[in-house]
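Engineer: Predicted coordinates and the sequence they were generated for:
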Amino acid sequence: MFSLPAERTPAFREEQNVPGTLIGIFLETVARHRNASQFLRRRGERWESISGAAALDEVECLALGLRALGVRPGDKVALLSETRYEWAIADLAILANGAVTVPLYASLTAEECRYIIEDSEAVVAIASTPDQLVKLHHVAGRVPRLRHCAHFDPAPAAAARDLSWEQLRQRGAAARAAAPEAFRTLVAAVRPDSLATIIYTSGTTGTPKGAMLSHHNIASNVAACLEVIAIGPADTALSFLPLSHIFERMAGLYAMLAAGATIAYATSMDQVGANAVEVRPTVITGVPRFYEKIYARVMEAGLKESGVRRRLFVWALGHAEARARARFEGRRLSWSAAALAAIADRLVGVKVRARVGGRLRFCVSGGAPLAPGIMEFFFAVGIPVIEGYGLTETSPVICLNRPGRERPGSVGPPIPGVEVRIGAEGEILTRGPHVMLGYYHNDEATRDALRDGWFHTGDVGRLEADGSLTITDRLKDLLVTSGGKKVAPQPLEARLKASKWVSEAILVGDRQPFVACLLVPNFANLEAEAKARGWSYGSPDELVERPEVRALYQAEIDAVNAGLASFESIKKFSLLDRELTQEAGELTPSLKVKRRVIAERFADVIGRLYSAHAA
């Protein structure tokens, strides 16, 4: 069986006295908790523990090293790196200077990096690996303000303006020896209203915009979230989402530091499962795609069994899901149903939990809507998933489900100190200490987003009677058919992506007579099925055209259409013969679909879906 984190008491809230600056959060946790394993990172075949004191020593030396390079309060420092321990240390060193961190996704191209570095007016850029440093070399000559490049890992092709991590540390150590109080003097000058970071939005609808967040914006969000979810020094978090994304940065770094938790850095996204078994985390933050993949793997493994094993899997999952539904509905199970659920947990839940270390108290989901069925599945296997909602511009959390009162399909009520209301066209508006200062170098976009004291999210939703918020769609993503009917694509797409056969789903139909859909198959599962059934094919495009494959996906479409009004049901679909990629510009670094790019890239495919009707 499993337990949920309890609602924290007022006394617990008073213990969590979160400082007003992000560097203050770090200094406070080092002094208060003296954690011998503040951070964990994989080195070769073992996990290395790094104490809070050792991490502080690195932050201090790097901060003074940056100072020696001429970095001053308000200067921008770009950070191009995968999620790793050094990312966190570099960020804290930048913030200690009163400077501004400008994160760059590791997946960005050199040209995309150039745009952000130039627009943000960064004077120093830090890269993680030699490959990332090469991107900066392509950029450096075309961005006059960029004075220095630094790098974490040894780089054989380093240029004259490059400095290694160790060289920066040595410069800082020398500065500290000359002026022992220099670091504390720098930190004391950082104010809560100081600009902490400029985070460029992922650009699903156009050119990225730089959201300016202050120390107070993010620190207030940390404090409010820790009032809702109980995290403490006994917890271990496994960090694997991009720290360039505000969700992982706030929740996976600053909130964990404020709570005194240990932070372990996954070696890569592909190794999250293996790392979880080794580290045995108690808390994980993830995006819906992460949970969807786990769900698909568990279902595939269970349904691949034959005979008694398959029937036991289906039986156990059914009873486990019944327990989860009873919890959501506030019902107590009968004695017999509870006993059957306990047996089901031993058959399925224990095994699933073991795959993520066996100690998970809960997970947090954000970044996009989580399908209710996926949330129900995780509760069924004994892994509570707490869904929240927010944006880069809101530091990021606006709403968060309360542990013990979770509702699939809802993102919960606003967190303490945050206000939400529903504006024109159902748009979600919010105000409070979490709202950004504005967009860097973009007054027009700032005026459009911040009106009458409220931030306009661009999302559509409704407030329920109990004060919780339900997201229904993106304002700009709403499809308006030629008959004037409005269709919200995201809920239908989420239901399709819950299928083991579907990797991605994109609804189309704006200004068209009906709704259609582009589907990206889960090729691993589809090819395995084709092999098992003896369906011959020479290439992916031949596979997706087979009538048996079309029939398989039509069944998925039919299941989603069941119960829908005629105007919102999916009338036609097309199977794409390849995955969507960031490299092709079809996905953002946070793996959101760029709808405008898809509409342009697959215009011929979409056109064929409507050609017969037009004729």
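Structural biologist: Looks like it came in fine.
Engineer: in which helix or strand would I find Asn35?
Structural biologist: Here Asn35, judged by DSSP states H and E, is contained in no helix and no strand.
Engineer: Can you report how many residues neighbour it?
Structural biologist: If you count neighbours by other Cβ atoms under 10 Å, Asn35 ends up with 21. From N, CA and C alone the C-beta is placed, and that goes for glycine too.
Engineer: tally of neighbours for the residue lying closest to it once chain neighbours are set aside?
Structural biologist: Distances taken as Cβ to Cβ, 6 or more residues apart in numbering put Gly52 closest to Asn35, at 4.8 Å, once the chain neighbours are dropped. Using other Cβ under 10 Å, the number of residues around Gly52 comes to 23.
Engineer: right, and Gly52 touches Arg34 too?
Structural biologist: Yes - because the distance of 6.3 Å satisfies Cβ atoms under 8 Å, Gly52 is recorded as touching Arg34.
Engineer: hmm, back to that, name all residues that make contact with the residue nearest to Asn35.
Structural biologist: Thr29, Val30, His33, Arg34, Asn35, Gln38 (Cβ atoms under 8 Å, 6 or more residues apart in numbering).
Engineer: Closest to Ala157 out of those residues?
Structural biologist: Gln38 (33.4 Å; Cβ to Cβ).
Engineer: What separation do you get for the residue nearest to that closest one when sequence neighbours are not counted and Ser220?
Structural biologist: The shortest distance from Gln38 to any non-neighbouring residue, by Cβ to Cβ, 6+ apart, is to Gly52 (4.0 Å). Distance, Gly52 to Ser220, using Cβ to Cβ, to the nearest Å: 23 Å.
Engineer: what does Ser574 give?
Structural biologist: Taken as Cβ to Cβ, the span from Ser574 to Ser220 is 46 Å.
Engineer: Those two: who's more crowded?
Structural biologist: Ser220 (22 against 17).
Engineer: From the contact counts, what lies against the host helix or strand of the more buried one?
Structural biologist: Element membership for Ser220 (DSSP H and E) is helix 215-228. Helices and strands touching helix 215-228, by 3 or more Cβ pairs under 8 Å, 6 or more residues apart in numbering; DSSP states H and E, are helix 22-33, strand 195-200, helix 255-259, strand 397-400.
Engineer: Take the ones you listed and lay them out in TSV including mean pLDDT, distance to Ala211 and mean neighbour count.
Structural biologist: Below are the helices and strands packed on helix 215-228 laid out as TSV (pLDDT from 0 to 100; distance: least, Cβ to Cβ, whole Å; neighbours: other Cβ atoms under 10 Å):
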stretch	mean pLDDT	distance to Ala211	mean neighbour count
helix 22-33	97	16	21
strand 195-200	97	5	25
helix 255-259	98	19	26
strand 397-400	98	14	28
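Engineer: nearest to Ala155, of these?
Structural biologist: strand 195-200 (24.9 Å).
Engineer: List every C-alpha atom in that closest one, with coordinates, as PDB.
Structural biologist: C-alpha atoms of strand 195-200 as PDB (Å, rounded to 0.1, in the frame of the first residue of the first chain):
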ATOM      1  CA  LEU A 195      16.400  40.800 -11.800                       C
ATOM      2  CA  ALA A 196      17.400  37.100 -11.400                       C
ATOM      3  CA  THR A 197      16.900  35.600 -14.900                       C
ATOM      4  CA  ILE A 198      15.600  36.100 -18.400                       C
ATOM      5  CA  ILE A 199      14.000  33.000 -19.700                       C
ATOM      6  CA  TYR A 200      13.100  32.900 -23.300                       C
END
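Engineer: Mind listing residues that contact that strand?
Structural biologist: Contact with strand 195-200 is made by 21-22, 74, 76, 95, 100-103, 116, 119-120, 208-215, 217-218, 244, 246, 392, 437, 440, as judged by Cβ under 8 Å, 6+ apart.
Engineer: among those residues, which ones are buried?
Structural biologist: Listed as buried from the contacts of strand 195-200 are 21-22, 76, 95, 100-103, 116, 119-120, 208-215, 217-218, 244, 246, 392, 437, 440; burial here means 16 or more other Cβ atoms under 10 Å.
Engineer: Give me the subset of those residues that lies in helices.
Structural biologist: Leu22, Leu95, Ile116, Asp119, Ser120, His215, Asn217, Ile218, Ile246 (DSSP state H).
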